[in-house]
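In: could you look at this predicted model? Sequence included:
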Amino acid sequence: RTVNYPNIVEKYSKQEEILRKIYAREKSNPEFIKFKTENAERLEPKALYRALRDINHTHDYKKWNEIDKNLYSLPKIEREKRIAEIYKWDSFNIDFYKFKQFLAENDLKKAKEMLNKKGLKLNGDIICGLSYDEIWSHPNAFLKGQTIKWDLPALDLDSKEAEQLIREKVNIY
């Protein structure tokens, strides 16, 4: 059996079209609002990264304009101003990303509970690398100009931000 990935993962696929209709109906759902609030610190940078990919026409944040590239290094007032501008430009897709995460995490939680009731244990897997959005949104978690294998940035293991990033990954998985 083959999977028709363009039908599932592309921005305007049939799958996305259906999810957009569900989102329009469920965006005020109190459970979703609670999820967004409780997970804002983790979800917002990922959602903003996706919006900025479109604004800057590339997924490579190193090629973005200086403000967007260094958003999480900016002083708080400047960062919040730019984030407000990004929300004005693409609030639908930012919130829609969070909604898809809500659905995915809820489904995984329900599946785990069902399996546990049947005596099966579902184990997660921690991705050993870091995603572009994690690297971009946690600049102080990495040693400047140093990389490890496959040209991945090297974590600054003495950094509080690196510790927070790793703890977050462990908690999620």
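Out: Looks like it arrived, so ask away.
In: now the helices: where do they sit in the chain?
Out: 5-9, 14-26, 30-38, 40-56, 66-69, 76-117, 132-137, 160-172 (DSSP state H).
In: out of the ones you listed, which comes closest to Leu152?
Out: For these, proximity to Leu152 was assessed by C-beta to C-beta; helix 132-137 is nearest, at 8.3 Å. Every residue, glycine included, has its C-beta placed from N, CA and C.
In: just the C-alpha atoms of that closest one, please, in CSV.
Out: The C-alpha coordinates for helix 132-137 follow below in CSV (Å, rounded to 0.1, in the frame of the first residue of the first chain):
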residue,chain,number,x,y,z
TYR,A,132,15.1,24.3,12.7
ASP,A,133,12.4,26.0,14.7
GLU,A,134,13.9,24.8,18.0
ILE,A,135,17.4,26.0,17.0
TRP,A,136,16.0,29.3,15.7
SER,A,137,13.8,30.0,18.8
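In: show me what it is in contact with.
Out: With contact meaning C-beta atoms under 8 Å, 6 or more residues apart in numbering, helix 132-137 is reached by 45-46, 48-50, 59-61, 69, 71-72, 142, 153, 165.
In: same thing but at 7 Å, please
Out: The contact list for helix 132-137 (C-beta atoms under 7 Å, 6 or more residues apart in numbering) reads 45-46, 49, 59, 61, 72, 142, 153, 165.
In: among the helices of the chain, which is nearest Ile126?
Out: Each of the helices of the chain was checked against Ile126 via C-beta to C-beta, and the shortest separation belongs to helix 160-172, namely 5.9 Å.
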